[in-house]
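Engineer: Sharing a model prediction with you, sequence too.
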Amino acid sequence: MEPKDLVKNLQNKPYETRVKILWTTVVVAAVLLIVIWAVGLKSTISSLNGQNLITPGTAQNTSNSQNIQNLISIERVETAGNNFNVYFNLNNTTDDILNFSKASDITLIVNDQTFHPSQINDRQGKPFAQKILSFTQNFGILVFPALSGDSGQLTFDQMTFERSSDKPLKQTLNLDFKELEKTSNLRH
């Protein structure tokens, strides 16, 4: 019997018979779906071996080690109007949240003069995050007043991890402004 003939045959049946056929089809389809779901669930449960489903990666344990040598890197510097901008990259590879330095805790020493950034922004011009989540990378800009010099020392102080907030961290970077003004190190 062709599908056209089957549909005509069903259309010619009384209303009560068509409703019974409809509900029987719905119940059979529902039972079939429940059986397929139950078989899939059974195989999933039997494949579990009781081990941790979430295994920690090779993250640095911040409670044991406070090594932050590569936490912050400087990408480039630029002079824009009355501002000296330092583009930095913060990569938190630990399994802990990092509390970032405040502007008053960041110092740039150029020609024996100490400067603090007037702003700390992200690359979209919004205020930079104060808490850096674990396993994340953030990009920011330190905005200083116009400077004159070829090199400087940038220090990020009073950074802490959430689990060990009583142990402040400090990272000092020596900067060669002439080398950092080159745009070859830009991300693409």
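Structural biologist: Looks like it arrived, so ask away. Numbers count the residues shown, from 1 in each chain.
Engineer: The longest helix belonging to the chain - what's its average pLDDT?
Structural biologist: Ranked by residue count and defined by DSSP state H, the top helix of the chain is helix 15-47. What helix 15-47 shows for mean pLDDT is 93.
Engineer: go on, stretch 145-163?
Structural biologist: Across stretch 145-163, the average pLDDT comes to 92.
Engineer: distance between the ends of that stretch?
Structural biologist: Terminal residues of stretch 145-163 are spaced 35 Å apart (CA to CA, to the nearest Å).
Engineer: Stretch 125-137 now?
Structural biologist: By CA to CA, the extent of stretch 125-137 from end to end equals 17 Å.
Engineer: Which residues are in contact with the residue positioned nearest the centre of the chain?
Structural biologist: The centroid of the chain falls nearest to residue 136 when counting by CA atoms, centre = their mean (4.3 Å). Neighbour list for residue 136: 91-92 [criterion: CB atoms under 8 Å, 6 or more residues apart in numbering]. From N, CA and C alone the C-beta is placed, and that goes for glycine too.
Engineer: Repeat the analysis, applying 6 Å as the threshold.
Structural biologist: Shown in contact with residue 136 (CB atoms under 6 Å, 6 or more residues apart in numbering): residue 92.
Engineer: Find me the pLDDT at residue 61, would you?
Structural biologist: Per-residue pLDDT puts residue 61 at 41.
Engineer: Also residue 100?
Structural biologist: You'll see residue 100 listed with a pLDDT of 95.
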